[in-house]
Structures are given as structure tokens and as C-alpha cells.
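In: My questions concern the predicted model and sequence given below.
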Amino acid sequence: MEKLLRKFETAKRYVPAPVTHKAARPTRLGVIMYGSTGPAMDEAAALLAKDGVHVDVMRARLPVLRRGRGFRERA
């Protein structure tokens, strides 16, 4: 288990941080996306905003580490 924990600590230095986009208005809704879902999710968020449903968006970069945790816990 200790070896696995060391690997995660090392990965934190090399894995890029998640990319977040805040909604135009304050919201409790959020979307977490990754990989090839990015373009479709960006379009969906834009269409939702056009209809008055605002969402915060976080694009996780795998592997997901604790850096993305704040996004989820904010709601």
C-alpha cells in the first residue's frame, strides 16, 4: 500500500491540473468531463446556459487526483 501511495504522490508532480470554467451566474450545478467528451460537453454547457441553466465545468485530466476534489465539494 505504501508503494502505491508513493506513486500517487509522484504522479501529482506530472499530471496536469484540471481545467475549470465557472458559469456566468452563481450555480450549484457542475459537470465533470474527461477525454473525448470535452467538445460535446462544452456544447451542452453552452446550450444549457442559453436556456438559462448555468453549470460550472471541470475537465479532469487522468488520472484524477485530489486537485479536482474542491470542484466536487463546492456544491
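Out: Right, received. Where do you want to start? Residues are numbered from 1 along each chain as shown.
In: packing partners for the host helix or strand of residue 20?
Out: If you go by DSSP states H and E, residue 20 is part of strand 19-21. If you count contacts as 3 or more Cβ pairs under 8 Å, 6 or more residues apart in numbering; DSSP states H and E, strand 19-21 packs onto strand 56-60. (C-beta placed from N, C-alpha, C; glycine too.)
In: Partner strands of the strand it packs on, with direction?
Out: strand 19-21 (antiparallel), strand 30-34 (parallel) (DSSP bridges).
In: Out of those strands, flag the one nearest residue 44.
Out: For those, proximity to residue 44 was assessed by Cβ to Cβ; strand 30-34 is nearest, at 7.8 Å.
In: Hey, what's the angle from the helix or strand that comes right after that closest one to strand 56-60? Just curious.
Out: Next in sequence after strand 30-34, counting helices and strands by DSSP H and E, comes helix 38-50. Between helix 38-50 and strand 56-60, the angle comes out at 170 degrees (axes from the mean of the first three to the mean of the last three Cα atoms, to 10 degrees).
In: Can you read off the pLDDT for residue 50?
Out: For residue 50, the pLDDT comes out at 95.
In: Before I go, just wanted to say thanks for your time.
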